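K.L.:
Structure, please.
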Amino acid sequence: MKIDLQKAYDSIEWRFLQDMLSGLKFPHTSIELIMQCVYTPSYSLALNGDVFGFFKDKRGLRKRDPLSRGDLIPATLLLSIFETFSISSGLKMSSGKSSFYSNGVGDIILKGIEDASGKLFGGLGIVDTKQWNIAAVGKLVWWIARKKDNLWIQWVDKVYIKQTDCMDYKPTSASSWAWRKVCEIKEVFKDAYVQGKWSADDEKYTINDGYKWLTQHDMSRVPWFKSVWNKFIIPKHSFILWLLNQERLLTLDRLFKMGITQQTRCFLCGIHDENHRHLFQECVYARQCYTQLFAWLQMQVPVHLSTDSILRIRKHTGFTRLLLSSLVAAMQYHIWLCRNTCRVDGYVTHPAVILKRIKFDCRMRLMNISVGSLKRGEIDWCTQRGLM
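P.N.:
Residues are numbered from 1 along each chain as shown. Model (predicted):
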């Protein structure tokens with residue numbers, strides 16, 4: 001499901017924008033540059049690894065911020081939710097730019113969406129709605145186990161459970177569908193109750209706790225969590241770095257295995273086959289970019305260019321470690337961007353330009369962080385390197 005809200009972006013006339021800029025006394029040169037950005041964009045389609053054709057944008061300002069995507073929530077429920085949202089907020093769904101996709105989505109992809117768990121465990125922090133619903137019903141199970149002073153709980157105890165231990169109780173075929181479902185979920189949480197979870201008088205069950213137990217009790221934390229997700233890293237950089245750590249970027253070796261392309265030679269160096277390790281650590285171009293970065297930081301280029309090995313240099317801790325992780329994430333993002341640009345447009349960006357873009361990105365990110373939260377030495381470190 002892709003929902004796009006109808007805003008001024010979708011209905012504003014380009015001529016009106018130009019007249020408004022003129023009315024606000026913008027310089028003529030600035031107006032021309034802005035309108036060039038509005039008038040000139042063109043798009044092409046990538047099919048089976050090849051790019052086809054170009055077509056022009058026709059109406060509205062460019063905007064790439066789809067509100068949400070999901071595959072597990074029924075369309076009718078989503079539409080009712082957005083209708084309520086529209087009434088309360090005044091924002092309407094743009095039917096011309098909203099779509100629902102379900103055909104051809106395999107079980108593996110859907111399972112991948114369900115398994116996108118907390119960031120601490122290597123996921124994207126997407127809530128698994130199925131597990132959340134189970135955790136919500138788990139609260140009813142906890143009420144029954146604790147014999148909560150509730151009319152429905154008392155009725156269940158008298159009609160169904162009677163003198164049986166609630167954890168050993170088995171529903172009969174004559175039981176209602178809803179009650180059988182509650183008993184199924186009771187079996188899911190049985191191990192937690194047997195082990196003493198939420199059994200103490202002062203330990204209250206919450207849906208959030210139940211959800212965490214369902215999704216994380218058998219997971220282990222990933223060591224690169226803080227290197228990917230911290231406030232110093234631009235979100236789009238974090239996302240590319242997350243895919244890199246999972247080795248899920250569409251590098252040529254993966255596209256070859258999928259049967260999408262026959263080319264495997266690296267676009268940037270043209271010597272070796274492209275894969276995650278080569279593109280971001282071993283490629284001559286990548287090492288040239290890192291040489292520029294570490295020369296600017298007055299640091300020695302490490303032998304291995306993995307994120308962990310870079311962050312272990314001089315045993316960086318605290319602020320410098322977080323900032324260095326931001327620079328590394330920006331570097332890997334721009335290497336991936338340069339690779340895609342080379343694939344489509346046929347040219348490779350000079351490493352000095354890559355470094356300039358990384359400095360700009362990190363400078364802009366630091367501007368969004370309260371300077372009051374930084375120590376004097378940290379501010380001096382950034383100032384000496386032109387980041388403030």
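
K.L.:
Tell me the secondary structure at residue 51.
P.N.:
strand (DSSP: H, G, I helix; E, B strand; the rest coil).

K.L.:
residue contacts, it?
P.N.:
Applying C-beta atoms under 8 Å, 6 or more residues apart in numbering to residue 51 gives the contacts 44, 45, 344. Where you see a C-beta, it was placed from the backbone N, CA and C, and this is true even at glycine.

K.L.:
Please, which helix or strand holds residue 241?
P.N.:
For residue 241, the host element (DSSP states H and E) is helix 235-246.

K.L.:
The residue nearest to residue 294 when sequence neighbours are not counted - how many residues pack around it?
P.N.:
Sequence neighbours aside, residue 301 is the residue nearest to residue 294 in space, at 4.8 Å (criterion: C-beta to C-beta, 6 or more residues apart in numbering). For residue 301, the count of nearby residues is 14 (other C-beta atoms under 10 Å).

K.L.:
Pop out the phi and psi values for residue 301.
P.N.:
Per-residue torsions, residue 301: phi -70, psi 120 (degrees, to the nearest 10).

K.L.:
For it, give its distance to residue 177.
P.N.:
With distances taken as C-beta to C-beta, to the nearest Å, residue 301 is found 64 Å from residue 177.

K.L.:
give me phi/psi at the nearest residue to residue 359 once chain neighbours are set aside?
P.N.:
Nearest residue to residue 359 in three dimensions, chain neighbours excluded: residue 386, at 6.5 Å (C-beta to C-beta, 6+ apart). Residue 386 has phi and psi values of phi 70, psi 20 when expressed as degrees, to the nearest 10.

K.L.:
hang on, residue 386 packs against residue 363?
P.N.:
Yes: with contact defined as C-beta atoms under 8 Å, residue 386 reaches residue 363; the gap is 7.5 Å.

K.L.:
more neighbours, the two?
P.N.:
residue 363 (14 against 10).

K.L.:
I figured the more buried one hits residue 388, correct?
P.N.:
Yes: with contact defined as C-beta under 8 Å, residue 363 and residue 388 form a contacting pair (7.4 Å).

K.L.:
quick one: buried residues of the helix holding residue 241?
P.N.:
Judged by neighbour count (16 or more other C-beta atoms under 10 Å), helix 235-246 contains these buried residues: 237, 238, 239, 240, 241, 242, 243, 244, 245.

K.L.:
Closest one of those to residue 142?
P.N.:
Nearest to residue 142 among the buried residues of helix 235-246, counting by C-beta to C-beta, is residue 242 at 34.5 Å.

K.L.:
ok, now which ones touch the closest residue to the closest one other than its chain neighbours?
P.N.:
In this structure, residue 242 finds its nearest non-sequential neighbour in residue 228, 5.3 Å apart by C-beta to C-beta, 6+ apart. Contacts for residue 228 (C-beta under 8 Å, 6+ apart) come out as 119, 238, 241, 242, 245, 325, 329.

K.L.:
could you redo those residues as a markdown table and give each row pLDDT and distance to residue 36?
P.N.:
Output for the contacts of residue 228, formatted as a markdown table (pLDDT from 0 to 100; distance: C-beta to C-beta, whole Å):
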| residue | pLDDT | distance to residue 36 |
| --- | --- | --- |
| 119 | 64 | 39 |
| 238 | 90 | 31 |
| 241 | 89 | 33 |
| 242 | 88 | 34 |
| 245 | 85 | 38 |
| 325 | 84 | 36 |
| 329 | 91 | 31 |
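
K.L.:
and which of those is nearest residue 358?
P.N.:
Lowest distance from residue 358 to the contacts of residue 228 (C-beta to C-beta) belongs to residue 329, with 9.5 Å.

K.L.:
Checking the closest one next. Helix, strand or coil?
P.N.:
Quick answer, by three-state DSSP: residue 329 is helix.

K.L.:
Skipping its backbone neighbours, what lies nearest it in space?
P.N.:
The nearest residue in space to residue 329 (C-beta to C-beta, 6+ apart) is residue 237, at 4.2 Å.

K.L.:
In terms of pLDDT, where does the one you found sit?
P.N.:
For residue 237, the pLDDT comes out at 91.

K.L.:
okay but it is in contact with residue 331, surely?
P.N.:
No: the pair residue 237 / residue 331 is not scored as a contact, 9.1 Å apart, by C-beta under 8 Å.

K.L.:
count of neighbours near residue 148?
P.N.:
If we define neighbours as other C-beta under 10 Å, then residue 148 has 13 of them.

K.L.:
wait, I meant residue 355
P.N.:
Neighbours of residue 355 under the rule other C-beta under 10 Å: 21.

K.L.:
ditto for the one 5 residues further on
P.N.:
The local packing of residue 360 (other C-beta under 10 Å) involves 12 other residues.

K.L.:
and what of residue 377?
P.N.:
The burial count for residue 377: 10, using other C-beta under 10 Å.

K.L.:
For whichever strand or helix holds it, give the mean pLDDT please.
P.N.:
Per DSSP H and E, residue 377 falls inside helix 376-384. Averaging the model's pLDDT scores along helix 376-384 yields 77.
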